[in-house]
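1. structural data only, the sequence is not supplied:
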């Protein structure tokens, strides 16, 4: 497994390799440019000499050295000041390679070597690099000057490569110093960066690794001036907050579920123990069985919503999404519950407007609406009204269940969707309730990608509102029976 430390080290090595490659390219490019400059300078001298010889061929027949001629093709004073020690030499040879004329600063070279003479006669322009007698490298240019297809002269331009080599050596030294310094600074910087980056992360990991379930209330602290590490710490602490809440909810859920199941089980056990103390009449045994049957029904009524919630807390949600028209579903449900509402002398109304279809599961949405309507009918007094409103709300549809019941106190509203949570008024009104109906509604709604909210006023009633996303072009291609994850 790769580590951040090794990644930084590899990145540093890659940077070093890139710097060395860049230095090598700079050296090669400088070498080529200097070489081209020297060759260009030699060519200019040779072309100047060739032009003079062509216009004044009698010059090379004169004995001695023509100062005016050599001055035209020799370096001027400015060049001598800028490039001291660089001497340019010119020579003229006959077609058979014998020296005819040379400039004053040129050393004596009686003839052109035979192999070079053959190359010049064939190629007409030849460059070569040799070491002079004093060991100084020099660059030579040979040009065959021809007239009417016949070689008249062989012109040679020569210049010292002393400054050329000195410039390259200085460049190598400069690149070595610059690259070495840069590499050293880069390596030290990578070590510093590694320490700065890894120290907070290692501190965070050490703190997280030493935490146990008993330390869920603790939070990680990182004293770092960098906002990225602060964000990382905040994110880890946010996960710990969520985990702590989930753990507390799970623990409370188990405790409350055990408590809710303990009462009917205790009653069952007590009835059975009393019935076994002595012989009973048939009517007495019947009474005990009926009482126990009531407690069994209570247990069954508790286990059903528990199993439903267990389905939604598993990795695979039981909701199967498919295109669904909501209005017929609600209308059917209202029709079914109208008789129950009439028995309680409650008006059950349905107000709707045309809405687009949604991607939903008819069975589970019906279960959610039944839970809401059952609560509304249960806590609405005789003569009250329960109204179901269906309307479009932008990219969502809104299903509101409004009642004219007792209402909910403001301090209870944030806890309504917690498992087993029931207000004192609800417990006194309906002792058989479990406090799991609204949590199931919330799970079903969120499995559809929707939200649920509640508003209430004591003495006026409550409104529970489901908001579900409509079926869009992106979701129209989703086939039916897709399992919501």
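-> Cool, the structure landed. In this text the structure is predicted, and so the values were computed from the model without any measurement. Numbering: from 1, shown residues only.

2. residue 464 belongs to a helix, doesn't it?
-> No. Counting by DSSP: H, G, I helix; E, B strand; the rest coil, residue 464 falls outside a helix, being strand.

3. tell me what it is bridged to.
-> Per DSSP bridges, residues listed as beta-bridge partners of residue 464: residue 401, residue 454.

4. from memory it sits against residue 445, does it?
-> No. Look at residue 464 against residue 445 with CB atoms under 8 Å: they stay out of range, at 10.2 Å. Just so you know, the C-beta spots here come from the backbone N, C-alpha and C atoms, and that holds for glycine as well.

5. ok, these two, which is more surrounded?
-> residue 464 (24 against 21; other CB atoms under 10 Å).

6. which regions of the stretch 101-250 of the chain sit below the pLDDT cut-off?
-> Within the stretch 101-250 of the chain, the segments meeting pLDDT under 70 span 132-135, 209, 212-217, 220, 222-226, 249.

7. and the most centrally placed residue in the chain, how close does it get to residue 236?
-> Nearest residue to the geometric centre of the chain (CA atoms, centre = their mean): residue 228, 13.8 Å. Distance check for residue 228 against residue 236: by CB to CB, to the nearest Å, it reads 13 Å.

8. next one: residue 55
-> Here the criterion is CB to CB. By it, residue 55 lies 89 Å from residue 236.

9. again, but for residue 320
-> 36 Å.

10. just the strands in the stretch 101-250 of the chain please.
-> 125-131, 137-147, 150-160 (DSSP state E, counting those that start in this stretch).

11. possible to save those as a markdown table with mean neighbour count?
-> Formatted as a markdown table, these follow (neighbours: other CB atoms under 10 Å):
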| stretch | mean neighbour count |
| --- | --- |
| strand 125-131 | 13 |
| strand 137-147 | 18 |
| strand 150-160 | 21 |
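
12. give me the phi and psi angles of the residue nearest to residue 471 when sequence neighbours are not counted.
-> Counting by CB to CB, 6 or more residues apart in numbering, residue 357 is the residue found nearest to residue 471 once chain neighbours are left out, at 4.7 Å. Reported as degrees, to the nearest 10, the phi and psi values for residue 357 are phi -70, psi 160.

13. what's the neighbour count on residue 231?
-> Residue 231 sits with 10 neighbouring residues when counted by other CB under 10 Å.

14. now do the same contact list for it.
-> Contacts for residue 231 (CB atoms under 8 Å, 6 or more residues apart in numbering) come out as none.

15. so residue 421: helix, strand or coil?
-> Residue 421 - assigned by three-state DSSP - is coil.

16. state the distance from it to residue 439.
-> Taking CB to CB, one finds residue 421 at 8 Å from residue 439.

17. the more surrounded of those two?
-> Of the pair residue 421 and residue 439, residue 439 is the one with more neighbours under other CB under 10 Å, namely 22 against 17.

18. helix or strand: which one has the more buried one?
-> Per DSSP states H and E, residue 439 falls inside helix 437-447.

19. what's that helix packed up against?
-> Counting contacts by 3 or more CB pairs under 8 Å, 6 or more residues apart in numbering; DSSP states H and E, helix 437-447 packs against helix 282-313, helix 362-379, strand 451-457, strand 461-469.
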